[in-house]
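Visitor: got a predicted structure plus its sequence, pasted below:
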Amino acid sequence: MTTTPANPTAPIVVTDLQGGYNGQAVIHGCNMEIAAGEIVVIMGGSGSGKSTFLRHLIGLKEPMTGDVQLFGQSLYGVNETKRLQLLKGIGVAFQSGALLSSLTVGQNVALPMIEHTDLDAEMIDIIVRMKLDFVNLLGKEDLLPSELSGGMLKRAAVARAIALDPRLTFMDEPSAGLDPVVAAALDELIIKLRDSLGMSVVVVTHELESAFKIADRIVVLDRGYIIFSGTVDDIKNSDNQRIQNLINRVAEEDDFDPEAHLKRLFGEN
Amino acid sequence: MNAIAQKTADRIARIGLEVIHLVAFIGYAARLLMMSLTLLVRGHAMGQPVRMRHIVSEIITAGIQALPVVILMASTIGVMLSIQGIHSLRIFGAETQVTFGLALSIPREFAPLITGIIVAGRSGSQLTSRVGSMRLNGEIDALTVMGISPIRFVVAPAIIGLIISLPLLVAVANVAAFGAAQLYIEATLGIASEAYWADILSVVTIADLIHCFGKSLLFAVLISLTGIVMGMGVSGGAEVLGKATTSSVVSCIGAIIAADTIFALVL
């Protein structure tokens, strides 16, 4: 895979990223660039390295080699203070919501504004209500996260992620575990973010239906390698067997070694 | 012979591993303390200000809410020391000298130690469970990606809050212990309160007070750092969090007693 030249106008550029845990690489030589106003869906089966890849993209895990550039600036080639400064420019909605449990929903959405802007309390209140209205949670600002349902938590997390109108938002499994109606509403919401705010959105998911509906581009991760990057039509027409297995939900068997399998069953290695 | 050598090697390796963990723990705690103090002083310039409201909230939780139990325990200790003191000194017919014993032992030893143990039980475990559950729920990660340093938002206020609260609690514990002892001594020996306080004030020196408050500052740092570092180490699930909280109390109290012993031997 060739090295992508750093593009200062792109919200995020990933160059030769290699990362993993305890010196063991899980992500291998990944290159990716996301344009302004683009929805990119990162797909892959369980254990494909999606979550690790996302942690590298959002500044939570230093790569072993390679770099991630946010808005033209290196995320890992700088000190912690500078990195936190860069991260103020993105929004992240975690899979579990990760709202601060000691604060109400409204306080959670207000937090980035209180911490990073000079807006007065009244203005922050108004913006909080606007953001909650955007995700259909208006009127829930005084509830604690523990009083919300799973779908509401995810939407509240989206409201917090977009509190500062970031140019780039990451969403980890936004529709996982939700009923189809709520999942569809979240998909609409992601499209609305791109269309009305011109936001770039990176969505990590394995929900095919959702991916096909929202994606401008799909990136497929497999065993830590980016094996595909293209439009929805491209992926449907791909002749790569592993991609076809992924999108047609075909179970696949790795090279099966009966002897090794028996040994594993008997706990011999 | 080989098996014995292997076992010995394994044991040595295990001890080595424990030592490495301990050094890593101390190193991480020192780093957190340094970063907290740096952010307290230079946070505004670095875009990561430690908020006064967070510190005040910690002072309320760790300090003001601990007042009733500290006053109760310190008063009890004051009365107990008086009972024991009078009982022992009666052998020599010197029970009126009990005030000197109190003045020498309460500020230097009992007030900081009892308060430290109470605060370790309350705040050390509370910090571990709070930080641990924030880690498990991804709240620490969420703060980081919002560009908010978890150290300035969670760690620094807790350390600074306890550094302010614990010496104040120790001051209250001193007053409560001496006050309760005075009531008991007046009732038992008929020593007037003016004479009692005059005796106490003539014996307690500035050095005793420096010893008392120096120790309480050290305890505050030990409790907050132990609680936070053990919380930061939580990963997995609720069971791990429960275990970390329990062992945090034990470690906090252990650290306090070890530091107290070193203080007593050196100073």
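Guide: Sure, I can see it.

Visitor: residues from the stretch 151-269 of chain A in reach of chain B?
Guide: residue A:160 (Cβ under 8 Å from any Cβ of the partner chain). Where C-beta positions appear, they are placed from N, C-alpha and C, glycine not excepted.

Visitor: so which residues of the stretch 151-269 of chain A form strands?
Guide: Secondary structure of the stretch 151-269 of chain A (DSSP state E, counting those that start in this stretch): strands located at A:168-172, A:200-204, A:217-222, A:225-230.

Visitor: return the distance of the second one from the chain's centre.
Guide: Average the C-alpha atoms of strand A:200-204, do the same for its chain, and the two points are 5 Å apart (Cα atoms, centre = their mean, to the nearest Å).

Visitor: out of the strands of the stretch 151-269 of chain A, deepest packed?
Guide: Across those, averaging neighbours per residue (mean count of other Cβ atoms under 10 Å in any protein chain shown) puts strand A:200-204 on top, at a mean of 26.

Visitor: parallel or antiparallel, which strands does that one pair with?
Guide: Sheet pairing for strand A:200-204, assigned by DSSP bridges, gives strand A:39-43 (parallel), strand A:168-172 (parallel).

Visitor: returning to that earlier point: mean pLDDT added to the strands of the stretch 151-269 of chain A, as TSV?
Guide: As requested, the strands of the stretch 151-269 of chain A are arranged in TSV below (pLDDT from 0 to 100):
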stretch	mean pLDDT
strand A:168-172	93
strand A:200-204	94
strand A:217-222	91
strand A:225-230	89
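
Visitor: which of these sits closest to residue A:64?
Guide: Among those, the nearest to residue A:64 by Cβ to Cβ is strand A:225-230 (14.9 Å).

Visitor: average model confidence for stretch B:48-57?
Guide: Here the mean pLDDT over stretch B:48-57 is 93, rounded to a whole number.

Visitor: can you list the buried residues in that stretch?
Guide: Burial within stretch B:48-57, assessed by neighbour count using 16 or more other Cβ atoms under 10 Å in any protein chain shown, is assigned to B:48-50, B:54-55.

Visitor: can that stretch be said to contact chain A?
Guide: Yes. Counting by Cβ under 8 Å from any Cβ, chain A is contacted by stretch B:48-57 at residue B:48.

Visitor: what sits up against that stretch?
Guide: Around stretch B:48-57, the neighbours that count as contacts under Cβ atoms under 8 Å, 6 or more residues apart in numbering or on different chains are A:81, A:84, B:36, B:39-40, B:43, B:148-149, B:152-153, B:156-157, B:160-161, B:164.

Visitor: how about the nearest residue to residue A:235 once chain neighbours are set aside, what does it touch?
Guide: Excluding its sequence neighbours, the residue lying closest to residue A:235 (Cβ to Cβ, 6 or more residues apart in numbering or on different chains) is residue A:218, at 5.1 Å. Residues touching residue A:218, when contacts are defined by Cβ under 8 Å, 6+ apart, comprise A:40-41, A:43, A:211, A:228-232, A:234-235.

Visitor: what's the closest of these to chain B?
Guide: residue A:40 (17.7 Å; Cβ to the nearest Cβ).

Visitor: isn't that closest one up against residue A:217?
Guide: Yes. The pair residue A:40 and residue A:217 passes the contact test of Cβ atoms under 8 Å, sitting 4.9 Å apart.

Visitor: biggest helix in the chain, by residue count?
Guide: In the absence of a named chain, chain A is used. Of all segments of type helix in chain A, defined using DSSP state H, the longest is helix A:180-197.

Visitor: actually chain B
Guide: The helix of greatest length in chain B, counted in residues with DSSP H as the criterion, is given as helix B:2-46.

Visitor: after that helix, which helix or strand is next?
Guide: Towards the C-terminus, the helix or strand next in line after helix B:2-46, according to DSSP states H and E, is helix B:52-58.

Visitor: show me what the helix or strand of chain A with the lowest mean pLDDT is packed up against.
Guide: Of the helices and strands making up chain A, the lowest-confidence element is helix A:241-247, at a mean of 79, by mean pLDDT, DSSP states H and E. Packed against helix A:241-247, as judged by 3 or more Cβ pairs under 8 Å, 6 or more residues apart in numbering or on different chains; DSSP states H and E, are the following elements: strand A:217-222, strand A:225-230, helix A:232-236.

Visitor: contact partners of that helix?
Guide: Around helix A:241-247, the neighbours that count as contacts under Cβ under 8 Å, 6+ apart are A:43-45, A:208, A:220, A:222, A:227-228, A:235-236, A:238, A:250-252.

Visitor: of those, select the buried ones using a PyMOL command.
Guide: One line in PyMOL is enough to select the buried ones among those; burial here means 16+ other Cβ under 10 Å:
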select buried, chain A and resi 43+44+45+208+220+222+227+228+235+238
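
Visitor: residue 70: neighbouring residues, count only.
Guide: Defaulting to chain A. The number of residues packed near residue A:70 is 21, by other Cβ atoms under 10 Å in any protein chain shown.

Visitor: switch to chain B, that's the one I care about
Guide: Neighbour count of residue B:70, defined by other Cβ under 10 Å: 23.

Visitor: and the helices in the stretch 1-150 of chain A?
Guide: With DSSP state H, counting those that start in this stretch as the criterion, the stretch 1-150 of chain A has helices at A:50-57, A:80-87, A:105-116, A:121-134, A:150-161.

Visitor: and those helices, which is most packed in?
Guide: Comparing those by mean neighbour count (mean count of other Cβ under 10 Å), helix A:150-161 ranks first with a mean of 25.

Visitor: now do it against helix A:180-197, angle only.
Guide: Relative orientation of helix A:150-161 and helix A:180-197, computed by axes from the mean of the first three to the mean of the last three Cα atoms, to 10 degrees: 10 degrees.

Visitor: for helix A:150-161, the distance to its chain's centre please.
Guide: 14 Å.

Visitor: what's that helix in contact with?
Guide: Applying Cβ under 8 Å, 6+ apart, the external contacts of helix A:150-161 come out as A:91-94, A:96-99, A:105, A:108-109, A:111-112, A:131-132, A:134-137, A:140, A:145, A:148, A:169-171, A:174, A:177-179, A:182, A:186, A:189, B:146.

Visitor: circling back: quick one: closest of the helices of the stretch 1-150 of chain A to residue B:75.
Guide: The closest approach between residue B:75 and any of these, judged by Cβ to Cβ, belongs to helix A:105-116 at 39.3 Å.

Visitor: which residues touch that closest one?
Guide: Outside of helix A:105-116, the residues within contact range by Cβ under 8 Å, 6+ apart are A:88, A:99-100, A:103, A:119, A:124-125, A:127-129, A:131-132, A:137, A:140-145, A:148, A:156, A:159-160, A:163-164, B:146-148.

Visitor: do that again at 6 Å, thanks
Guide: When contacts are defined by Cβ atoms under 6 Å, 6 or more residues apart in numbering or on different chains, helix A:105-116 is touched by residues A:88, A:99-100, A:119, A:124, A:128, A:131, A:140-141, A:143, A:156, A:159-160, A:163-164, B:146, B:148.

Visitor: let's have the strands of the stretch 151-269 of chain A in a markdown table, adding distance to residue B:113.
Guide: Putting the strands of the stretch 151-269 of chain A into a markdown table (distance: least, Cβ to Cβ, whole Å) gives the following:
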| stretch | distance to residue B:113 |
| --- | --- |
| strand A:168-172 | 48 |
| strand A:200-204 | 52 |
| strand A:217-222 | 56 |
| strand A:225-230 | 59 |
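
Visitor: so which of those strands gets nearest residue B:95?
Guide: For those, distance to residue B:95 was read as Cβ to Cβ. The smallest value, 71.5 Å, belongs to strand A:168-172.

Visitor: now the closest one against helix A:50-57, angle please.
Guide: Going by the same axes, to 10 degrees, strand A:168-172 is angled at 150 degrees with respect to helix A:50-57.

Visitor: run through who's touching strand A:168-172.
Guide: Surrounding strand A:168-172, the residues in contact under the criterion Cβ under 6 Å, 6+ apart are A:11, A:54, A:58, A:90-95, A:161, A:199-204.

Visitor: and it, how far out from the chain middle?
Guide: 4 Å.
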